[in-house]
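Asker: got a predicted structure plus its sequence, pasted below:
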Amino acid sequence: MLLSACASAPPQAPSPPGPDPTEFIATRVAIALTESAAAEAELTARAPTAAAPASATPAPTATAAPTATETPAPTASPSPTPFPTLDLARFPRPPEVFAGEPHFFFGRPIGAGGNVFVASSYRYGSTLQNVLETHHGVEFANALGVPVVAVAPGVVYYAGDDAGRQFGPQLNYYGNLVVLQLAQTWNGRPVFALYGHLDAVAVVPGQAVAAGELLGTVGATGVALGAHLHLETRLDNADSYWATRNPELWLAPAAGRGAVAVRVTNEQGQYLPGRRVTFLCSDGAPRFLDTYWDPGVTPDDVYGENAAMTDVPAGYCRFETILAGETLVHEATIQAGTVNFVWLSPGR
């Protein structure tokens with residue numbers, strides 16, 4: 001998989017179904033199910049602070065039909081400092097309620113002929129088994145020059161390189177990038193999409209763009225070692241590396257698919273970092289998630305998850321994780337076109 005250092009729009013008619021992401025992943029993207037990087041020893045911590053209360057969200061918007069493409073080689077990112085961490089005191093306690101309305105503001109960021117599915121091994125909040133820095137976005141594995149497009153109508157906030165203006169933990173991190181401010185706000189708060197490691201940039205700051213309009217092309221600039229698109233969702237502050245949210249909860253799922261927000265907590269209700277969650281769904285394909293490694297990646301303001309995935313097939317799924325030698329299980333019926341909630345914790 002490729003790794004990086006790495007006003008409301010009117011509703012549109014649904015696009016015809018695209019390729020099946022499960023078939024694509026099974027045949028074109030190798031998924032390596034490895035053991036969790038987190039130790040199975042008992043984790044103890046001081047009492048964490050409370051999270052902000054949940055608020056309502058607007059209705060979802062439609063997404064473009066996916067298409068598949070080849071997966072290039074991985075990229076590197078700087079060594080993690082001071083994270084990842086197993087210090088539970090660094091994590092706030094999640095909200096009591098695990099629910100909320102969807103906010104699928106994003107269509108797919110890759111144009112015609114490209115791969116629109118998120119790479120599985122280095123998702124938001126992952127460290128690739130404690131090897132790389134905690135990931136603040138998601139990856140779309142694509143060849144050099146594949147078109148990158150606007151996920152929604154908006155205005156270009158920034159376009160160029162980051163040699164003189166910092167958007168990541170250091171200069172020259174994303175290389176050529178575009179930051180798009182969406183026309184649609186979330187509860188009055190500005191929403192931004194950041195596109196990193198581009199080869200070419202096709203827009204200028206202040207330019208208004210429509211959903212699906214060309215922004216640039218896939219590249220390998222900045223800290224990337226191979227061609228791919230790095231996508232982030234930022235809320236409130238486009239310039240802040242710490243203002244990210246999980247893009248998989250903003251991307252509208254493919255037809256017949258839903259998004260899953262996951263929590264893994266201990267008996268005290270504290271988030272557990274670096275936990276491997278494996279699951280099997282109605283299509284029979286194995287999937288996995290790792291819970292967010294550190295509080296530098298912010299959960300959704302309503303859901304309070306610590307892992308998430310989009311494009312999960314509708315129907316039955318069985319989720320499992322291991323905590324202190326005990327296998328925790330959650331069975332769920334995934335609903336298409338919405339966010340589904342899975343909470344794994346002792347005694348639940």
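Answerer: Okay, I see it.

Asker: ranges for the strands of the stretch 201-348 of the chain?
Answerer: Ranges of strands in the stretch 201-348 of the chain, per DSSP state E, counting those that start in this stretch, are 208-209, 214-217, 228-235, 244-245, 257-264, 276-281, 286-290, 307-313, 315-323, 326-334, 339-344.

Asker: for His197, which of those strands is the nearest?
Answerer: strand 228-235 (5.3 Å; Cβ to Cβ). For glycine as for every other residue, the C-beta is placed from the backbone atoms N, C-alpha and C.

Asker: just the C-alphas of that closest one, formatted as CSV.
Answerer: Taking C-alpha atoms only, strand 228-235 is exported to CSV below (Å, rounded to 0.1, in the frame of the first residue of the first chain):
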residue,chain,number,x,y,z
HIS,A,228,-0.5,8.2,-4.7
LEU,A,229,-3.0,10.8,-3.4
HIS,A,230,-3.0,11.7,0.3
LEU,A,231,-6.4,13.1,1.3
GLU,A,232,-7.3,14.8,4.6
THR,A,233,-10.4,16.3,6.1
ARG,A,234,-9.7,19.4,8.2
LEU,A,235,-12.3,21.2,10.3
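
Asker: among the strands of the stretch 201-348 of the chain, which is nearest Val151?
Answerer: Val151 sits nearest to strand 228-235 of all the strands of the stretch 201-348 of the chain, at 7.9 Å, using Cβ to Cβ.

Asker: and the strands of the stretch 201-348 of the chain as JSON lines, adding mean pLDDT, mean neighbour count and distance to His135?
Answerer: Shown next, in JSON lines, are those (pLDDT from 0 to 100; neighbours: other Cβ atoms under 10 Å; distance: least, Cβ to Cβ, whole Å):
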{"stretch": "strand 208-209", "mean pLDDT": "98", "mean neighbour count": "16", "distance to His135": "26"}
{"stretch": "strand 214-217", "mean pLDDT": "98", "mean neighbour count": "20", "distance to His135": "21"}
{"stretch": "strand 228-235", "mean pLDDT": "98", "mean neighbour count": "28", "distance to His135": "9"}
{"stretch": "strand 244-245", "mean pLDDT": "98", "mean neighbour count": "22", "distance to His135": "9"}
{"stretch": "strand 257-264", "mean pLDDT": "98", "mean neighbour count": "26", "distance to His135": "16"}
{"stretch": "strand 276-281", "mean pLDDT": "96", "mean neighbour count": "20", "distance to His135": "15"}
{"stretch": "strand 286-290", "mean pLDDT": "95", "mean neighbour count": "22", "distance to His135": "10"}
{"stretch": "strand 307-313", "mean pLDDT": "98", "mean neighbour count": "26", "distance to His135": "12"}
{"stretch": "strand 315-323", "mean pLDDT": "97", "mean neighbour count": "18", "distance to His135": "20"}
{"stretch": "strand 326-334", "mean pLDDT": "97", "mean neighbour count": "15", "distance to His135": "24"}
{"stretch": "strand 339-344", "mean pLDDT": "98", "mean neighbour count": "21", "distance to His135": "20"}
